[in-house]
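Trainee: coordinates for the following, if possible.
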Amino acid sequence: IGAALRQRGWHVTGRDQRDGAAEQAHELGVLDAVGVDPDAELTFVATPVGAIAAEVSAALSQPAGVVTDVGSVKAPLAELMGNPRFVGGHPMAGSELEGVAGADPAMFEGAVWVLTPTGHTSDEAFGLVSRVVSSFGAEVMALRPDRHDQLVALVSHVPHLTAVTLMGQAAERAEEHRALLRLAAGGFRDMTRIASGHPGIWPDICTQNREAIVAEPDGLIRSLGAIRDVVATGDRQPLGDRLSAA
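Mentor: You can find the predicted model right below:
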């Protein structure tokens, strides 16, 4: 985000909870300066979800300026959404790379950036965040915070846990068949790439969006059982119908 903002002429300051990270960002040209600007027009909070609420509160303690975040769970921020200067956000983009060295200002081009305004959100704050993220090439979609959490469980959180499970199953089998992971090309690699993302962020995500996440695997398990039964019967037509629909 810092790199994308600087490309578009913004003066970007920033800090990080990890020692040395902001300094590295400054050296790489992602930040103009290290630190917090009390007069910032717009603040992005980009931390693991467990730290977002405290950082948003700190940013809102400044007398002015709009605040947004990029977290994938919105329920824990419900109380803060009563502040008209806060606009919840979640760019549906990223990579398995970690840290500022993997920063890519083109990451948001063509991506959906969800904003979660409430009845308390000011039109001016929503308009500013929307204009800025749209300038990154992102498509803005507005959702209720609770609806966001339900949908992201289906399209992001459960797929990540599924990839983790597939990798675990392959690792168990690899002990028996050493060639297994060498043969795991194409589809398996595509299905499990996201499992290489930083594991540290996921316990918070799974805790804070637990209700929505727990509801989704039940349907996935039923669907896997159903397609297993179709394969077991050897009936090509219903299997072909499912493949075509997918």
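Trainee: the chain: helices as residue ranges?
Mentor: According to DSSP state H, the chain carries its helices in the segments 2-7, 21-27, 49-60, 123-135, 145-152, 158-174, 180-183, 186-192, 202-208, 210-233, 236-245.
Trainee: of all those, which lies closest to residue 99?
Mentor: helix 21-27 (7.1 Å; C-beta to C-beta). All C-beta spots, glycine's among them, are computed from the backbone N, C-alpha and C.
Trainee: pLDDT score assigned to the residue positioned nearest the centre of the chain?
Mentor: Geometric centre of the chain, nearest residue: residue 72, 4.8 Å, by C-alpha atoms, centre = their mean. Per-residue pLDDT puts residue 72 at 92.
Trainee: likewise the one 3 residues further on?
Mentor: According to the predicted model, the pLDDT of residue 75 comes to 88.
Trainee: give me the nearest residue to it, chain neighbours excluded.
Mentor: Computed as C-beta to C-beta, 6 or more residues apart in numbering, the closest residue to residue 75 that is not its neighbour in sequence is residue 149, at 5.5 Å.
Trainee: repeat for residue 151
Mentor: Per C-beta to C-beta, 6+ apart, closest to residue 151 is residue 143, 7.1 Å.
Trainee: likewise residue 137?
Mentor: Ranked by C-beta to C-beta, 6+ apart and with sequence neighbours excluded, the top spatial neighbour of residue 137 is residue 109, at 3.5 Å.
Trainee: contacting residues around that neighbour?
Mentor: Taking C-beta atoms under 8 Å, 6 or more residues apart in numbering, we find residue 109 in contact with 136-138.
Trainee: any idea which of those residues has the most stuff around it?
Mentor: Ranked by the number of neighbours (other C-beta atoms under 10 Å), the contacts of residue 109 place residue 138 first, at 23 neighbours.
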